[in-house]
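Chemist: Return atomic coordinates for the entry below.
(chains A and B)
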Amino acid sequence: MSTSVRQKVLIVDDSPLARKLLVQMLADLEITVVAAESGEEAVKVFQEHDFALILLDVMMVGISGLEAAKNIRALDHENSEVPIIFVTATSTDANSVFEGYEAGAVDYLHKPVDKKTLCSKVSVFCRIRAQRETIQIQLEEIRQKNEQLEKSLAEIKVLQGLVPICASCKNVRDDTGYWHSIEQYFTENAQTEFSHSICPNCSEKLYPELALKRKSR
Amino acid sequence: MPHEPVNLNRLMNDFGDDPKFLTEIYSAYLEDGTERTKLLAEAVANQDAEKCSECAHAIKGASANVGAERVRAAADQLERDANAGDLSRASEILDTLLKEFEEVRSFLTKFLTTLTP
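Modeler: Next up is the predicted model:
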């Protein structure tokens, strides 16, 4: 995984034994596991972290896993579409499986949970999450670069086409027909400033004695 | 070994190298099971189908996790009956469940002494 951030997984089960077992099974993965003891606690804890996945026991004292899933999906939270895997001890008939998927399950695990299956499923969801985060970061970088480019573009004034210039005095005519000095015209129409100087040819013409002195040195 | 009260492979395959954790899990199961079976017996005595289903479900899940197959099967049957509102066989199934649980207890207690921490 390219990200240095450990993905977080939420385990929800009202049996301490089941929680202990799941936590231990996931111990080899480089993830952070948070455990909740009830559906109510799960909904609360969910809002305090950014989970890549929730493993949710279906039958619990208090609100069931199905209800907890529905409550999480109904939250106005940026992660409320988090993948949820239901963990169930009930040999699932088609109806209850359907109900589970309706409530927002992406998958099922049956008790007794097999360690290898559990770890591969959890890894897949964590990897997908990490990839999504990388894409988000790259998108944000692209967005920022684009913004910079657009800003720079707006600052550049491009001079295009024909510029009418007087053959004698070199004044330039603008779009509205007024004549401007070439310096003024460029300063106004391009992000260009002029610094005044004298080239050697003109210097010789205008100040011949200065030019002579320089040559004799 | 289908005749053992607990399929030890269930947890030994994954945690065989961690006797401390195995001890913790099996002990927790026995402790939790003692409490739950007591509550289940009460629910059956009171003919409380809802409570009966709840307790049986919890016992079923825990038993599945540790590989106590016969306790799991009895709990599963009780839960189904309770969900259907039929407690006519409940005390009979409860007796089986309690008997199986006691077998699991003596089996695991013996097994736990062989685990070197």
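Chemist: what about residue 84, how many neighbours?
Modeler: In the absence of a named chain, chain A is used. Neighbour count for residue A:84, taken as other CB atoms under 10 Å in any protein chain shown: 25. All C-beta atoms are positioned from the backbone trio N, CA, C, and that covers glycine.
Chemist: I was thinking of chain B, sorry if that wasn't clear
Modeler: 10.
Chemist: interface residues of chain A facing chain B?
Modeler: For chain A, the contact set with chain B under CB under 8 Å from any CB of the partner chain comprises A:14-18, A:20-21, A:24-25, A:57, A:59, A:61, A:89-91, A:111-113, A:115.
Chemist: so what secondary structure elements neighbour the helix or strand encompassing residue A:52?
Modeler: If you go by DSSP states H and E, residue A:52 is part of strand A:51-57. Applying 3 or more CB pairs under 8 Å, 6 or more residues apart in numbering or on different chains; DSSP states H and E, one finds that strand A:51-57 contacts strand A:7-12, helix A:39-46, helix A:65-74, strand A:84-88, helix A:115-155.
Chemist: Pick out the residue of chain B closest to chain A.
Modeler: Closest residue of chain B to chain A, CB to the nearest CB: residue B:61 (3.8 Å).
Chemist: Could you pull up the residues touching that residue?
Modeler: A:15, A:18, A:57, A:59, A:89, A:111 (CB atoms under 8 Å, 6 or more residues apart in numbering or on different chains).
Chemist: 10 Å instead?
Modeler: By CB atoms under 10 Å, 6 or more residues apart in numbering or on different chains, residue B:61 lies in contact with A:13-15, A:17-18, A:57-59, A:87-90, A:111-112, B:72, B:75.
Chemist: do the same with residue A:146
Modeler: Not one residue lies near residue A:146 by CB under 10 Å, 6+ apart.
Chemist: Give me the pLDDT value at it.
Modeler: pLDDT for residue A:146: 95.
Chemist: next one: residue B:5
Modeler: Per-residue pLDDT puts residue B:5 at 93.
Chemist: State the pLDDT value of residue 109.
Modeler: No chain specified, so I'll use chain A. Residue A:109 is assigned 90 on the pLDDT scale.
Chemist: that's the wrong chain, I meant chain B
Modeler: With respect to pLDDT, residue B:109 scores 94.
Chemist: For residue 5, which three-state class applies?
Modeler: Went with chain A since none was named. Assigned by DSSP: H, G, I helix; E, B strand; the rest coil, the conformation of residue A:5 is coil.
Chemist: How many residues are close by it?
Modeler: Close neighbours of residue A:5, defined as other CB under 10 Å, add up to 11.
Chemist: for residue A:202, same thing?
Modeler: For residue A:202, using other CB under 10 Å, the count is 11.
Chemist: elements contacting the helix or strand containing residue B:33?
Modeler: If you go by DSSP H and E, residue B:33 is part of helix B:19-45. Here helix B:19-45 touches helix A:16-25, helix B:9-15, helix B:49-66, helix B:69-83, helix B:90-114, going by 3 or more CB pairs under 10 Å, 6 or more residues apart in numbering or on different chains; DSSP states H and E.
Chemist: Just say helix, strand or coil for residue A:33.
Modeler: Here residue A:33 is recorded as strand under three-state DSSP.
Chemist: and residue 72, how many neighbours?
Modeler: As the question left the chain open, I've gone with chain A. Neighbour number of residue A:72 under other CB under 10 Å is 25.
Chemist: Hmm, no, I was thinking of chain B.
Modeler: When neighbours are defined as other CB under 10 Å, residue B:72 has 23 of them.
Chemist: mind checking how far it is from residue B:100?
Modeler: In this view, residue B:72 and residue B:100 are 9 Å apart by CB to CB, to the nearest Å.
Chemist: can you list residues touching both of those two?
Modeler: The contact sets of residue B:72 and residue B:100 overlap at residue B:63 (CB under 10 Å, 6+ apart).
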